[in-house]
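Asker: Just to be clear, the model below is a prediction. Sequence and coordinates:
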Amino acid sequence: MLSDMTSRDSAPGVAARVSTELVIETPENVVLTYRLAGPAVRLLAYMVDFLVRVALLYAASISFMVAGGAVGSQGVSTGLILVAFFVIDWAYFGLCEGYFRGKTLGKHVFGLRVIQEEGYPITLWGALLRNVVRAADSLSFYGAGFITMIVAGKFRRLGDLVAHTVVIEERRVTVPREPVILEKIEPLSRTDLGGFVPSGQTLALIEQFLSRRHVLTYRRGHAMAYGLARPLAQRLDFTGDPQLVDRYPMAFLARVFATFHQTQEEEDLEDDHESEAGRRSAPRPQTTGAAS
């Protein structure tokens with residue numbers, strides 16, 4: 001890929017394209033790819049946030065005017081309105097992005113998120129810092145911020161440059177699932193288990209993992225399964241082959257699911273029968289009517 005990019009850059013007459021992809025390699029050698037959000041969609045998100053702030057300010061103004069009229073002091077209501085305007089105008093973006101994982105209501109509507117340049121979630125300090133500098137970005141009707149986004153690269157305005165953040169478009173990916181065929185999975189021997197029975201939530205988690213096992217490599221699948229297989233084997237007092245847990249944790253989880261899945265279905269069926277029997281045996285309320 002690098003050689004291809006070098007050849008294209010060096011070839012005369014080939015137009016260079018502005019890439020909207022952000023590729024980050026973590027210290028663990030994991031490559032993360034993000035799609036940068038352009039000025040147009042960010043402007044639409046800002047307009048939604050602008051309407052939200054106007055609605056909040058309007059609601060606060062009405063409340064403070066009513067409160068000021070109740071105490072008979074118009075100056076108090078005016079002062080509270082100015083304070084509300086300051087808080088809503090300056091704190092809305094910073095607090096929302098800091099506490100809601102880089103999102104405001106407008107960004108949520110258009111699928112945007114603010115993250116640090118290194119790829120990890122934005123911090124509260126970063127969110128507050130990038131929005132304090134918004135005052136400089138908003139000069140000339142956000143002309144300063146727009147020019148900076150084009151010149152600086154990665155569509156970063158001044159606030160992003162100071163806080164080392166970028167705005168990305170979220171990709172909603174649906175991972176395909178494959179059914180778990182219980183007939184091909186051998187249950188664990190009951191003599192190798194204690195009296196602990198996994199909860200329905202644990203079995204549902206195992207089923208979700210097994211149904212998506214085909215999107216993982218063999219080594220990655222066992223590495224992810226080990227975090228659940230090891231403590232689950234301890235809770236079950238598993239006395240069987242320890243290599244099954246340590247070397248093949250994904251197979252161990254599959255056998256646990258096959259062992260207790262039928263038990264869970266039988267318990268649910270018994271609960272349904274008991275509920276139905278209870279409804280049938282319950283005495284019917286007697287109604288008395290007056291003859292007319």
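Answerer: Arrived safely.
Asker: Please count neighbours and contacts with C-alpha atoms only from this point.
Answerer: Noted.
Asker: Any regions of this protein where pLDDT drops low?
Answerer: The model of the chain has pLDDT under 70 over residues 1-19, 26-30, 71-73, 173-177, 262-292.
Asker: For the residue sitting nearest the centre point of it, which residues are in contact?
Answerer: By C-alpha atoms, centre = their mean, the chain has its centre lying nearest to residue 101, at 8.1 Å. Listed by C-alpha atoms under 8 Å, 6 or more residues apart in numbering, the contact set of residue 101 reads 113-114, 121-122.
Asker: my guess is it is in a helix, correct?
Answerer: No. Under the criterion used here (DSSP: H, G, I helix; E, B strand; the rest coil), residue 101 is coil, not part of a helix.
Asker: how much space between it and residue 126?
Answerer: Distance of residue 101 to residue 126, given as C-alpha to C-alpha, to the nearest Å: 11 Å.
Asker: try residue 170
Answerer: Residue 170 is 20 Å from residue 126, by C-alpha to C-alpha.
Asker: okay, these two: which has more neighbours?
Answerer: More crowded of residue 170 and residue 126, by other C-alpha atoms under 10 Å: residue 126, with 24 against 16.
Asker: Buried ones in the helix or strand containing that one, by neighbour count?
Answerer: In the assignment (DSSP states H and E), residue 126 maps to helix 124-132. Judged by neighbour count using 16 or more other C-alpha atoms under 10 Å, the buried positions of helix 124-132 are 124, 126-132.
Asker: and what of stretch 86-104?
Answerer: Neighbour-count burial for stretch 86-104 [16+ other C-alpha under 10 Å]: 88, 90-98, 101-104.
Asker: Helices of the stretch 101-250 of the chain, start to end?
Answerer: Secondary structure of the stretch 101-250 of the chain (DSSP state H, counting those that start in this stretch): helices located at 105-109, 124-132, 134-137, 139-152, 158-163, 200-211, 218-235, 242-246, 249-281.
Asker: Quickly list the domain ranges of the chain.
Answerer: 17-169, 182-276 (automatic domain parsing).
Asker: Strands along the stretch 1-150 of the chain, start to end?
Answerer: Applying DSSP state E, counting those that start in this stretch to the stretch 1-150 of the chain gives strands spanning 21-25, 31-36, 112-116.
Asker: Centre of the chain to the last one, how far?
Answerer: Offset of strand 112-116 from its chain centre (C-alpha atoms, centre = their mean, to the nearest Å): 12 Å.
Asker: Direction-wise, compare it with helix 124-132 and give the angle.
Answerer: Per axes from the mean of the first three to the mean of the last three C-alpha atoms, to 10 degrees, the angle that strand 112-116 makes with helix 124-132 is 120 degrees.
Asker: Kindly report the same for the second one.
Answerer: Between strand 31-36 and helix 124-132, the angle comes out at 30 degrees (the same axes, to 10 degrees).
Asker: Can you tell me the strand partners of strand 31-36 and which way each runs?
Answerer: strand 21-25 (antiparallel), strand 165-169 (antiparallel) (DSSP bridges).
Asker: closest to residue 64 out of those strands?
Answerer: Residue 64 lies closest to strand 165-169 among the strands paired with strand 31-36, at 35.7 Å (C-alpha to C-alpha).
Asker: Who are the contact partners of residue 169?
Answerer: Counting by C-alpha under 8 Å, 6+ apart, residue 169 has contacts 34-37, 111-113.
Asker: so how far is residue 103 from it?
Answerer: 11 Å.
Asker: Overlap of the contact sets of the two?
Answerer: What both residue 169 and residue 103 touch, as defined by C-alpha under 8 Å, 6+ apart, is the set 112-113.
Asker: Format the strands of the stretch 1-150 of the chain as a markdown table; extra columns: mean neighbour count and distance to residue 154.
Answerer: Formatted as a markdown table, these follow (neighbours: other C-alpha atoms under 10 Å; distance: least, C-alpha to C-alpha, whole Å):
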| stretch | mean neighbour count | distance to residue 154 |
| --- | --- | --- |
| strand 21-25 | 14 | 8 |
| strand 31-36 | 15 | 7 |
| strand 112-116 | 23 | 12 |
